[in-house]
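A.B. asks: coordinates for the following, if possible.
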Amino acid sequence: MMAGFIDVTGWSTREVQRLGHADDDTPDELRPRRGARRSVQVTPGGGHPGYAVENVWAAACAAQRINGEYLKEGRNIMGEQGEVLSTTPRNRDVMLQFLHHPECLLPEDIAQGAECQNFLRNDLTFRALKGQLNDFDQSTQKVLAVTDRFFPQQHRYELAVIACLPQSHLRSMARQEQQARLKKATGGTVGSVGDKVGMDVEVVSASYSQNFNIYWVNAVNDADQPVFFSYKVALKAGDRHTITGTVKGYRDGKTQLNRVKIV
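C.D. replies: Okay, the predicted model is just below:
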């Protein structure tokens, strides 16, 4: 017989199975039965106490306040020799830092978080009635559905989404303000189709069209007449320009201009 082995010649199968079991002396009533599972009580957060909803929205707004924009990835500022001079962390990481230290949240962060939450809820309700919801809106709805606490394991996806919602809130507010500004323009339409015109305008909005590789610009002229036209580069909302163009047509009370040039 080789060293280290036990001669089991003549042993029963049960005796071989029992070989080496440390719990042979355990009373039968205390042994686990075949197929039995221990009942384990798991908390929603896997033991984590969770983050208060108010603090999560406030932390997301605080990250937006600090970064000044939404950063999905961190951003490095490089030196002339390729060295990293500074790093701006992504919003999600800044948000988590505040959640670990909620005492650092400002009162305005909490107020902004509540405003952001209410605005997005009302905006989604309004657009849902019009059948205008998209995939991102459905993600936002999942975040808004959390009304008690966010648990890191259970709500990993929601915590990732909420980091970008303050910027979505700001964009939605800007869009509504732009639409209101155009609706308030009471000057009517400009000239007749085919007329060559010149005017001073204030840019209300500029949105990029991937299909045509141009920007659609909405503006209001000094006569309080809303106009829109395509342009090759983005124009900043609030800037004023003197333009020339040709009246192409009319849509929703606005005058469409063609072949627009800034002079």
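
A.B. asks: only C-alpha atoms for contact and neighbour calcs from this point on.
C.D. replies: Will do.

A.B. asks: contacts only, for residue 164.
C.D. replies: The neighbourhood of residue 164, defined by C-alpha atoms under 8 Å, 6 or more residues apart in numbering, consists of 60, 70, 91.

A.B. asks: buried set for stretch 124-143?
C.D. replies: When neighbours are counted by 16 or more other C-alpha atoms under 10 Å, the buried residues of stretch 124-143 are found to be 124, 137, 140-141, 143.

A.B. asks: for residue 197, state which of these is nearest.
C.D. replies: Looking at the buried residues of stretch 124-143 and their distance to residue 197, the nearest is residue 124, at 40.2 Å (C-alpha to C-alpha).

A.B. asks: surely the closest one meets residue 131?
C.D. replies: No. Shown here, residue 124 and residue 131 do not form a contact pair, counting by C-alpha atoms under 8 Å, at 10.0 Å.

A.B. asks: so which of the buried residues of stretch 124-143 sit within strands?
C.D. replies: Using DSSP state E to define strands, no part of these is located there.

A.B. asks: of those, closest to residue 240?
C.D. replies: Taking C-alpha to C-alpha as the measure, residue 124 is the one of the buried residues of stretch 124-143 closest to residue 240, at 32.9 Å.

A.B. asks: that closest one and residue 192: what is the separation?
C.D. replies: Here residue 124 is placed at a distance of 39 Å from residue 192 (C-alpha to C-alpha, to the nearest Å).

A.B. asks: could you do residue 81 as well?
C.D. replies: When C-alpha to C-alpha is the yardstick, residue 81 and residue 192 sit 59 Å from each other.

A.B. asks: compare those two (neighbour count), which wins?
C.D. replies: residue 192 (14 against 6; other C-alpha atoms under 10 Å).
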